[in-house]
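Asks: below are the sequence and a predicted model for it; my questions follow.
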Amino acid sequence: MADDSTTTIRATFATRAAAELAIEHLVQQHGISRPDIFVQSATDDNTAGSRPSGGDASHEGGVRDDAALGGEIEVSADIAQSQIAVVQRSLGEAGAIRVTGR
């Protein structure tokens, strides 16, 4: 008999781009519903990540300073117990710094 219970998995990312890629993997590759995925700052501060990427770089080649780069971004999702290993691997491939389960 399969274990259909759910658990919450959390991953932290240094860039918003990596977090967004991870979300797309969760939805498209693993069939996780968007309402079951949550994104927030991993700290008490508002942040767009801890490193610049993509839109964080200005056209002049410097780093924009209009978005706070003060901490990591946390993506969490409610998933079936049977998906833990494959989702952990997918989050790591998307650039997760840490992945934990509850």
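Replies: That came through, no problem.
Asks: what helices or strands is the longest helix anywhere in the chain leaning on?
Replies: As assigned by DSSP state H, the longest helix anywhere in the chain is helix 16-28. Packing partners of helix 16-28 (3 or more Cβ pairs under 8 Å, 6 or more residues apart in numbering; DSSP states H and E): strand 6-13, strand 37-41, strand 73-80, helix 84-93. Yep, even glycine has a C-beta here, placed from its N, CA and C like the rest.
Asks: sheet partners, orientation included, of whichever helix or strand comes after the longest one?
Replies: Tracing the chain past helix 84-93, the next element assigned as helix or strand by DSSP states H and E is strand 98-101. Sheet pairing here is set by DSSP bridges, and for strand 98-101 it gives strand 6-13 (antiparallel).
Asks: how about low-confidence regions in this protein?
Replies: Scanning the chain for pLDDT under 70 picks out the ranges 1-4, 45-70, 102.
Asks: now with 50, please.
Replies: Scanning the chain for pLDDT under 50 picks out the ranges 1.
Asks: mind listing what the nearest residue in space to residue 13 that is not next to it in sequence touches?
Replies: Of all residues not flanking residue 13 in the chain, residue 19 sits nearest, at 4.2 Å (Cβ to Cβ, 6 or more residues apart in numbering). Residues in contact with residue 19 (Cβ atoms under 8 Å, 6 or more residues apart in numbering) are 13, 39, 49, 73, 75.
Asks: so the first one bridges to which residues?
Replies: Looking back up the chat, that one is residue 13. Beta-bridge partners recorded for residue 13 (DSSP bridges): residue 73.
Asks: quick one: closest of the helices and strands packed on helix 16-28 to residue 101.
Replies: Residue 101 lies closest to strand 6-13 among the helices and strands packed on helix 16-28, at 5.0 Å (Cβ to Cβ).
Asks: send me the closest one as CSV with only the CA atoms.
Replies: The C-alpha trace of strand 6-13 is given here as CSV (Å, rounded to 0.1, in the frame of the first residue of the first chain):
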residue,chain,number,x,y,z
THR,A,6,2.0,14.8,2.4
THR,A,7,5.0,16.7,3.8
THR,A,8,6.4,20.1,3.4
ILE,A,9,9.8,20.5,1.6
ARG,A,10,11.8,23.7,1.8
ALA,A,11,14.6,24.9,-0.4
THR,A,12,16.7,28.1,-0.1
PHE,A,13,18.1,29.9,-3.2
